[in-house]
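Undergrad: With the sequence up front, the predicted model follows.
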Amino acid sequence: MTPAPKDPIVPTVPTAFSSLLAEGLFWRYAIKTGSPDEIKKKQPTIIGHMGIAAAMLLAFLIAHFGLGAYISSLQNSWLEIDRVSKTQESKQEEQFRIAQGMIQRVNIAAAIAPVQKDRLLQQFADIQNLETRYLKMTRYFGTEYFVATVMKYICGLIAAVCAFFISRDGWEKSNNSLINIFFVSSIALTYYTDSVGIFKHQANLQTSLDLYLRCISTKNMVLSYYAHKQVKESNSVDQFIASIDTQIEELSRFKWGLDGSLDPSFNSQINRLLKPSEGKGSASSKS
């Protein structure tokens, strides 16, 4: 007696959906199918390659901005910006009020013309503006140099690992997704390596840091003059104003590190923008 034929098993909805997902849409558009060897290698299609490249670029962007945020938080902690004062502007306003009080005491001790007093205060404000500008530039170039250096090593490590497996199996037998990752990481490595050289992050960082420290030194020298200088005649004030004008002029010259073959006039254009608005000559010429 032959057994009765069993009813065909109808897959449930979840089973059918998972089967469609595993063998249908996803593999159809992302992975090639064919012979067992091709299925084993699971070579990606054009859409698969685009997805791999997009995922890697997104990961690089997240790492780039994440490293930038990390180094910025470290800079805030090292500089104690939030603890010392709420903003850099409020700290400078406090220093400017101190300078005003010092100049007032000097004015009482000697006959300083109002135009000289105004020029002394304007010089102090110009130095403060340059100090703030170079502090921001130092933080920016430091962040860019740190991010580019770390990303260069990350991309280089990924490319080296991919190159190792490709050289072991050969180009013909290597999975195309591995080759895709190798090319994308190599392009990113080239970008970060060239960006450091073209934009001269390290040179700009050193230049802006030096100018920032010189601004602090000049500002302290001006404050010391206000506090300790025994002014006996107006000519000595004019000489001091002229010397500070010269130093402000030197501090305003930022030698921008950039590939000179891109635009030879770039440095002069930048220095023209960085130059603070200040009076011409000493205060005695205005009186």
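TA: Noted; the coordinates are in hand.

Undergrad: in what helix or strand does Ala125 lie?
TA: Using DSSP states H and E, Ala125 sits within helix 114-169.

Undergrad: helices or strands up against that helix?
TA: Packing partners of helix 114-169 (3 or more CB pairs under 8 Å, 6 or more residues apart in numbering; DSSP states H and E): helix 46-79, helix 88-109, helix 176-199, helix 201-228, helix 234-251. To be clear about C-beta, it is placed using only N, CA and C from the backbone, and glycine gets the same treatment.

Undergrad: Buried residues in the fourth one, which are they?
TA: So that's helix 201-228. 201-205, 207-209, 211-212, 214-215, 218-219, 222, 225-226 (16 or more other CB atoms under 10 Å).

Undergrad: returning to what we had before: rank the helices and strands packed on helix 114-169 by pLDDT, which is bottom?
TA: Note on those: lowest mean pLDDT is at helix 88-109, with a mean of 60.

Undergrad: Count the residues that sit near Asp169.
TA: Neighbour count of Asp169, defined by other CB atoms under 10 Å: 12.

Undergrad: any idea how far it lies from Val161?
TA: Remark: distance between Asp169 and Val161 (CB to CB, to the nearest Å) = 13 Å.

Undergrad: Name whatever forms a beta bridge with Pro44.
TA: Ile31 (DSSP bridges).

Undergrad: pLDDT score assigned to it?
TA: On pLDDT, Pro44 comes in at 77.

Undergrad: Count the residues that sit near it.
TA: By other CB under 10 Å, the residues close to Pro44 number 19.

Undergrad: I figured Phe199 was touching Tyr140, is that so?
TA: No. Phe199 lies out of contact with Tyr140 (CB atoms under 8 Å); the separation is 11.1 Å.

Undergrad: quick one: which of these two has more around it?
TA: Neighbours per residue, other CB under 10 Å: of Phe199 and Tyr140, the larger number sits with Phe199, 19 against 16.

Undergrad: quick one on the thing from earlier: please identify which of the helices and strands packed on helix 114-169 is closest to Arg119.
TA: Ranking the helices and strands packed on helix 114-169 by proximity to Arg119 (CB to CB) places helix 234-251 first, at 5.5 Å.

Undergrad: which parts of that closest one are buried?
TA: For helix 234-251, a neighbour-count test (16+ other CB under 10 Å) marks 234, 237-238, 240-241, 244-245, 247-248, 251 as buried.

Undergrad: what helices or strands is that helix leaning on?
TA: helix 114-169, helix 201-228.

Undergrad: Tell me the helices and strands packed up against the last one.
TA: Packed against helix 201-228 by the contact rule (3+ CB pairs under 8 Å, 6+ apart) you find helix 88-109, helix 114-169, helix 234-251.

Undergrad: closest one to Ser73 among those?
TA: For the helices and strands packed on helix 201-228, the distance to Ser73 is smallest for helix 114-169, at 10.7 Å, taking CB to CB.
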